[in-house]
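A.B. asks: Curious how this folds, go ahead:
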Amino acid sequence: MSSLFRKPIFLAVVLGHFTLDVFNSSGPILVTSLSKSLVWSTAQMGFALGAYQFFAALTQPLFGWIDDKIGSRWLGAGSVAWTISFMLLSLFLAQQTNSFYWFLIPFVLASVGSSAFHPLGTKHAAETSTEQAATGTALFFLFGQTGLASGPVITGIILDTIGIPGMFGLAVFAVPVLTLMAVALRYTGPKFTSAPMTLSSNSPFNKEAISWGAMSILAVVMGFRSWAAIGTVSFLPKLFQEMGWNAASYGLITSTFWMASAITGVMAGNLADRFGRRQTVFTTLFLGSIPLYFLPMNNGWSAFGLVVLIGALIGASHSILVVIAQSVLPGGKAFTSGVALGYIFGTGAIAIWIIGIGANFVGVGPMIQVGTPLSIVAAVLAYFLPSTKASTQSQAEGVPA
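C.D. replies: Predicted coordinates:
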């Protein structure tokens, strides 16, 4: 494992993933804080957060295809710098104009950087060392989840102590990482094969070889899980702000969700390889649905315990579902990673929009509770996926849980 961190490309993408996701996860905290001072409705909040997720999802397959064609020299550091720059611009315009729409435009554009980075980062994490592809990809996701966990609490503390200007200071800490990425990825050009690929009868691009039934079931499982995970964590700040918590407190509980998900993500991957992926997805989603229902009923330290369970159980299946998707989707690694991650983020965006609109009528808590039956349905459907217990060969070739 330590040998991976001595490889500049691997170090660049995992640190870039951490840095990018610190700013990605700061979005719900920033929007929640601004909604109070600028009097935004929950529908406006849901639209802003949902649009961010949607555009982060929409172009991931495109950027995955582009990276497979031209390499990561410009997309690497440029994607992270793009997200940070446009997010800071959105905060500047919100303060100067007090306009939701002037905030919204650069805020949504910031998501394009996230969309560009994730497919190339996943690819390089797996390809840096073919002997340690499984470990490399698991560490890549772990650094991203740790960034997601760190962003809300850092942002909450900054907002409570310094205010919005403190976010500009936070961006300074990203400069060394951007420099490392620019240097390490400068020679990561496209890889060419000696002969063009032909579409044989058993080619993964042959439509007859694609399991459309499995893809359909997987799509529903991913979509319902996105409501329970992405929809819930996006509105955790608003839920607890309405209960009277300050920015540092609702930032901390949001970080707790992401950290629990990060820790169990690696553990669940090991369980999936040992006992089967669909069995692990079923167990974690089903058990996670129970504390999700009771979360809006709790205010105080007990809420942290419930969030730990929700993040740990519902969040655990993220990378497992990406692995399953790669086993049924055709294409190169960056492209298939882009499609899978893009779909997860895209369905999460739809969930955020619906929760935001519905919260105007029934409140945030009841809309979050809708995730309970959806999570149960997703768990049951997971058992109808093809048997996906990893073989030794697939563990070596695919992106691992």
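A.B. asks: so where is the protein shaky, pLDDT-wise?
C.D. replies: 1-2, 126, 128-135, 189-210, 330-338, 387-401 (pLDDT under 70).
A.B. asks: Can you tell me the centre-most residue of it?
C.D. replies: Phe345 (6.7 Å; CA atoms, centre = their mean).
A.B. asks: Nearest residue to it in space, please, no chain neighbours.
C.D. replies: Ala57 (3.5 Å; CB to CB, 6 or more residues apart in numbering). Using the backbone N, CA and C atoms, a C-beta is placed for each residue, glycine as well.
A.B. asks: and the gap between the one you found and Ser255?
C.D. replies: 23 Å (CB to CB, to the nearest Å).
A.B. asks: residues in contact with Ala81?
C.D. replies: Shown in contact with Ala81 (CB atoms under 8 Å, 6 or more residues apart in numbering): 113, 174, 178.
A.B. asks: can you tell me the helix or strand for the last one?
C.D. replies: Following DSSP states H and E, one finds Leu178 within helix 175-184.
A.B. asks: roughly how far is that helix from the heart of the chain?
C.D. replies: Centroid separation between helix 175-184 and its chain, computed with CA atoms, centre = their mean, to the nearest Å, is 22 Å.
A.B. asks: Check stretch 152-162 too.
C.D. replies: 21 Å.
A.B. asks: ok, the residue lying closest to Asn24 once chain neighbours are set aside - how many residues close by?
C.D. replies: Nearest in space to Asn24, with sequence neighbours left out and distances taken as CB to CB, 6+ apart, is Ser114 at 5.6 Å. Neighbour count of Ser114, defined by other CB atoms under 10 Å: 26.
A.B. asks: helix, strand or coil for Ser114?
C.D. replies: helix (DSSP: H, G, I helix; E, B strand; the rest coil).
A.B. asks: Wait, it touches Leu20, no?
C.D. replies: Yes: the criterion here is CB atoms under 8 Å, and Ser114 meets it with Leu20 at 6.1 Å.
A.B. asks: Which neighbours do these two have in common?
C.D. replies: 79, 83.
A.B. asks: Helix or strand: which one has Leu139?
C.D. replies: Going by DSSP H and E, Leu139 is part of helix 133-161.
A.B. asks: Show me which parts of that helix are buried, residue by residue.
C.D. replies: 133-156, 158-159 (16 or more other CB atoms under 10 Å).
A.B. asks: Could you pull out the helices in the stretch 151-300 of the chain for me?
C.D. replies: 165-172, 175-184, 212-226, 232-241, 247-275, 277-294 (DSSP state H, counting those that start in this stretch).
A.B. asks: winner for burial among these?
C.D. replies: Mean neighbour counts were compared across those using mean count of other CB atoms under 10 Å; the top stretch is helix 232-241, at a mean of 26.
A.B. asks: Which strands and helices lie in contact with it?
C.D. replies: Using 3 or more CB pairs under 8 Å, 6 or more residues apart in numbering; DSSP states H and E, the elements in contact with helix 232-241 are helix 8-38, helix 42-58, helix 247-275, helix 301-314, helix 333-362, helix 364-369.
A.B. asks: so which of those gets nearest Ile70?
C.D. replies: helix 333-362 (11.0 Å; CB to CB).
A.B. asks: Compute the inter-axis angle for that closest one and helix 133-161.
C.D. replies: For helix 333-362 against helix 133-161, the angle by axes from the mean of the first three to the mean of the last three CA atoms, to 10 degrees is 40 degrees.
A.B. asks: now helix 333-362: how far from the chain's centre is it?
C.D. replies: On CA atoms, centre = their mean, the centre of helix 333-362 falls 10 Å from the chain's centre.
A.B. asks: do stretch 44-60 as well
C.D. replies: Using CA atoms, centre = their mean, the offset of stretch 44-60 from its chain centre is 12 Å.
A.B. asks: ok, now stretch 156-165?
C.D. replies: 24 Å.
A.B. asks: With stretch 357-369 instead?
C.D. replies: In terms of CA atoms, centre = their mean, the centre of stretch 357-369 is set 23 Å apart from its chain centre.
A.B. asks: Adjust the sequence numbering to begin at 31 for everything that follows.
C.D. replies: Got it, first residue is 31 now, which makes that one stretch 387-399.
A.B. asks: OK, contacts around the nearest residue to Gly388 once chain neighbours are set aside?
C.D. replies: Closest residue to Gly388 in three dimensions, ignoring its sequence neighbours and counting by CB to CB, 6+ apart: Met397, at 4.5 Å. By CB under 8 Å, 6+ apart, Met397 lies in contact with 265, 384-385, 388-389.
A.B. asks: Kindly check the end-to-end length of stretch 352-372 for me.
C.D. replies: This stretch, stretch 352-372, spans 10 Å end to end (CA to CA, to the nearest Å).
A.B. asks: if I look at the closest residue to Ala86 other than its chain neighbours, how far off is Phe53?
C.D. replies: Nearest residue to Ala86 in three dimensions, chain neighbours excluded: Ser141, at 3.9 Å (CB to CB, 6+ apart). Distance of Ser141 to Phe53, given as CB to CB: 10 Å.
A.B. asks: Thank you, goodbye.
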